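K.L.:
Fold the following for me, if possible:
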Amino acid sequence: MTPAHRVPIMSEDKGPEMLARCEDNWVTAMGAWFPEGRVVLRGKDVLNDLGHRPWMEYFIYGINGQEDSRFARFVEGVWALTTSYPDPRLWNNRVAALAGTTRSTGVLALAAGIAVSEASLYGLRPIRGALDFLYRADRKLADGAILEDVVWEELRTYRNVFGYGRPITSADERVAPLMKFADSLGMGKGKFIQLAFEVEKILKQSRLKYQMNIAGAVAGLVADEGRTPDDHYYMAALSFVAGMMPCYIDSLGKPGGSLFPLRVTRIDYKGAPPRRWGAA
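P.N.:
Numbers count the residues shown, from 1 in each chain. Okay, here's the model as predicted:
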């Protein structure tokens, strides 16, 4: 918090002036801890008001200041149903499991797994991108565009549509359980989730045969709750850790180097031929 005699930091400050204003001074409306025994987050007392609430409610309130126990329960369900599979073959889980076989710590394993979750083809970027696409598509439709044209424009521009298509299997087994769970919370009937399924119809009938993946389904449900792409991204930041930790713990008892090794004969090497060291 800023003492009364301090001058607020101005956005146009630069160089020495900015550094002088920031010395021992952090202007914030977000929160603070006070030595006399008070903690404030977004204007609310943590110890007497926020601390007794479920962790997910507290987490979301810290992100955007919104209080919604139903939506917090929805996010918990999304994490459990869609993003925390305990399989070490999965990209970020593999990193956590590798950390276990090297006898690294659990915190470092999770930190590394979270870091690689911020990828372009999977994880956090498609999660955010799917919501952003639905919002952009809806604005174009409001301006008179045809949905099929919007979809193909997206493909021409970005070579994919976030929220659709999946490697290995075409269908996503998580969509149906998620929609059933959403229905139990009174969700799943809004215009954005309907838009998400309409996009799927267009792509399924195309030569691409893309089906909606879980990022698209979650995006439709989240859009109907009015959340922003940034909020969606922040809320998903830790969504994979419940799958990573079992993989890490399991790998602790395995020998070092045992995580999916490949014998040399399985590698199709097309580089320079072997050299004879010391040959004339």
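K.L.:
and Tyr233, what does it touch?
P.N.:
Counting by CB atoms under 8 Å, 6 or more residues apart in numbering, Tyr233 touches Leu124, Ile127, Arg128. Placement of C-beta: from N, CA and C, glycine included.
K.L.:
for the strand or helix carrying the second one, packing partners?
P.N.:
When secondary structure is defined by DSSP states H and E, Ile127 falls within helix 124-142. With contacts defined as 3 or more CB pairs under 8 Å, 6 or more residues apart in numbering; DSSP states H and E, helix 124-142 has these neighbours: helix 147-158, helix 191-204, helix 214-223, helix 229-236.
K.L.:
Find the helix or strand that the closest residue to Lys209 other than its chain neighbours is a member of.
P.N.:
In space, and not counting its chain neighbours, Lys209 is closest to Ser170: 6.5 Å by CB to CB, 6 or more residues apart in numbering. For Ser170, there is no helix or strand it lies in under DSSP H and E.
K.L.:
how much space between Ser170 and Asn92?
P.N.:
23 Å (CB to CB, to the nearest Å).
K.L.:
neighbour-wise, which of those two wins?
P.N.:
A count of neighbours by other CB atoms under 10 Å puts Asn92 above the other of Ser170 and Asn92, at 24 against 12.
K.L.:
how about the more buried one, phi and psi?
P.N.:
phi -70, psi -30 (degrees, to the nearest 10).
K.L.:
List the contacts of the residue nearest to Lys209.
P.N.:
Here Ser170 is in contact with Lys209, Tyr210, Gln211 (criterion: CB under 8 Å, 6+ apart).
K.L.:
export the residues you listed to TSV and tack on pLDDT, neighbour count and distance to Ser120?
P.N.:
Compiled in TSV, those are given as follows (pLDDT from 0 to 100; neighbours: other CB atoms under 10 Å; distance: CB to CB, whole Å):
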residue	pLDDT	neighbour count	distance to Ser120
Lys209	94	10	22
Tyr210	95	23	17
Gln211	96	18	20
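K.L.:
would you turn those residues into JSON lines with distance to Gly106?
P.N.:
Shown next, in JSON lines, are these (distance: CB to CB, whole Å):
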{"residue": "Lys209", "distance to Gly106": "41"}
{"residue": "Tyr210", "distance to Gly106": "37"}
{"residue": "Gln211", "distance to Gly106": "36"}
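K.L.:
From those, which land in strands?
P.N.:
Among these, no member falls in strands (criterion: DSSP state E).
K.L.:
Nearest to Glu200 among those?
P.N.:
Gln211 (6.1 Å; CB to CB).
K.L.:
next one: the helix holding Ile127 to chain centre, how far?
P.N.:
15 Å (CA atoms, centre = their mean, to the nearest Å).
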